[in-house]
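> okay, predicted coordinates and the sequence, questions at the end:
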Amino acid sequence: MNDPLDALLKMLGDSQLYPPNSRYHGTARALLELANGEKLPYLRRRFLPQAGQLPTLLEHTVREGDRLDNLAAQYLGDPELAWRLCDANNVLHPREATQCPGDTLRVSLADGSADA
């Protein structure tokens with residue numbers, strides 16, 4: 001039996017599963033075959049870039065009330081690019097990046113990007 005969702009995903013290809021501003025854009029899909037023969041699709045692991053090796057565009061001094069989505073919109077032009085700020089600052093949980101006013105937050109290019 002053909003699964004319409006699986007057929008659509010195959011048509012779109014791996015890089016089309018997520019929009020270009022997603023941290024998962026371009027992440028390859030794979031299939032896990034279970035003992036009973038069932039196949040489960042999943043995304044392969046996304047390795048985090050080395051934050052210190054990402055080119056710094058600028059530094060932002062955290063102020064009370066700052067949020068990563070607002071900072072991403074201000075500096076990168078898209079609030080959904082907040083994950084880039086997390087990557088650039090070795091932050092796993094986004095709120096950690098802005099919880100201490102006075103801290104410095106790096107704004108950088110995406111890993112492998114030629115531009116922001």
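Yep, that arrived.
> and the gap between the spatially most central residue of the chain and A82?
Most central in the chain under C-alpha atoms, centre = their mean is R23, positioned 2.2 Å from the mean C-alpha point. For R23, the distance to A82 (C-beta to C-beta, to the nearest Å) stands at 10 Å. Backbone N, C-alpha and C define where each C-beta goes, glycine included.
> which other residues reach the host helix or strand of L71?
When elements are assigned from DSSP states H and E, L71 belongs to helix 68-76. Here helix 68-76 makes contact (C-beta atoms under 8 Å, 6 or more residues apart in numbering) with 57-58, 60, 78-82, 84-86, 94, 97-98, 105, 107, 116.
> buried residues in that helix?
Residues of helix 68-76 classed as buried by neighbour count (16 or more other C-beta atoms under 10 Å): 68, 71-72, 75-76.
> check which element follows it along the chain.
Next in sequence after helix 68-76, counting helices and strands by DSSP H and E, comes helix 82-88.
> partner strands of the helix or strand just after that next one and their direction?
Next along the chain after helix 82-88, taking DSSP H and E as the criterion, comes strand 104-108. Pairing partners of strand 104-108, with direction, according to DSSP bridges: strand 56-61 (antiparallel).
> the partner strand: which residues count as buried?
Within strand 56-61, the residues scored as buried using 16+ other C-beta under 10 Å are H60.
> in CSV, list the C-alpha atoms belonging to that strand.
Below are the C-alpha coordinates for strand 56-61, written out as CSV (Å, rounded to 0.1, in the frame of the first residue of the first chain):
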residue,chain,number,x,y,z
THR,A,56,31.2,37.2,14.1
LEU,A,57,29.1,39.9,12.4
LEU,A,58,28.7,41.9,15.6
GLU,A,59,28.2,41.7,19.3
HIS,A,60,25.0,42.6,21.2
THR,A,61,24.9,43.6,24.9
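> which residues touch that strand?
So strand 56-61 is contacted by 66, 71, 75, 88, 102-109, 116 (C-beta under 8 Å, 6+ apart).
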